[in-house]
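Engineer: Following is a predicted model, sequence given first.
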Amino acid sequence: EVELVESGGGLVQTGGSLRLSCLASGLTFDDEVNIAWFRQTPGRDREAISHISGRDGSTWYADSVQGRFTISSDKAKNTAYLQMTNLKPEDTADYYCNAISWSDQEYWGQGTQVTVSS
């Protein structure tokens with residue numbers, strides 16, 4: 001059974017930093033797995049904010065987080081990260097890790113809450 005477990009969320013002041021982690025079990029973060037981070041606030045759709053290619057490590061960021069967030073993956077630890085800096089109140093959301101395997105199977109974590117106080 002595949003499980004993605006996020007951690008690292010919490011309460012931080014505006015301008016602060018957090019690093020989210022996504023630990024996978026039952027799925028190997030190898031060249032055939034692409035990883036993404038999404039976030040969601042109440043009443044809104046879940047939005048993609050960043051992803052990283054397992055094959056070549058190329059990354060993409062939403063305009064709202066470009067320059068402040070960094071996605072990475074440590075294949076040896078089977079863990080993906082989202083380093084978040086210069087956090088703003090509008091970054092407050094539940095953050096979810098997403099992985100898509102070579103067979104287009106998609107997996108989600110349970111989410112971790114990030115709250116940025118003004």
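Structural biologist: Arrived safely, thanks for sending.

Engineer: Please count neighbours and contacts with C-alpha atoms only from this point.
Structural biologist: OK.

Engineer: what about Thr41, neighbour count?
Structural biologist: Per other C-alpha atoms under 10 Å, the neighbour tally for Thr41 reads 15.

Engineer: what is the mean pLDDT for stretch 32-49?
Structural biologist: Mean per-residue pLDDT for stretch 32-49: 96.

Engineer: Go ahead and name everything in contact with stretch 41-50.
Structural biologist: For stretch 41-50, contacts defined as C-alpha atoms under 8 Å, 6 or more residues apart in numbering pick out 36-40, 59-62, 64-65, 71, 92-94.

Engineer: out of the residues you listed, which are buried?
Structural biologist: Neighbour counting over the contacts of stretch 41-50 (16 or more other C-alpha atoms under 10 Å) leaves 36-40, 60-61, 65, 71, 92-94 as the buried ones.

Engineer: centroid residue for the chain?
Structural biologist: Trp37 (3.0 Å; C-alpha atoms, centre = their mean).

Engineer: so it sits in a helix?
Structural biologist: No - applying DSSP: H, G, I helix; E, B strand; the rest coil, one finds Trp37 to be strand, outside a helix.

Engineer: Please report how far it lies from Gln66.
Structural biologist: Distance of Trp37 to Gln66, given as C-alpha to C-alpha, to the nearest Å: 13 Å.

Engineer: Of the contacts of stretch 41-50, which is the nearest to Ser101?
Structural biologist: Nearest to Ser101 among these: Ala36, at 11.7 Å, using C-alpha to C-alpha.

Engineer: While we're on the nearest residue to Thr79 once chain neighbours are set aside, how confident is the model there?
Structural biologist: Among residues not flanking Thr79 along the chain, Leu23 sits closest, at 4.5 Å (C-alpha to C-alpha, 6 or more residues apart in numbering). pLDDT for Leu23: 97.
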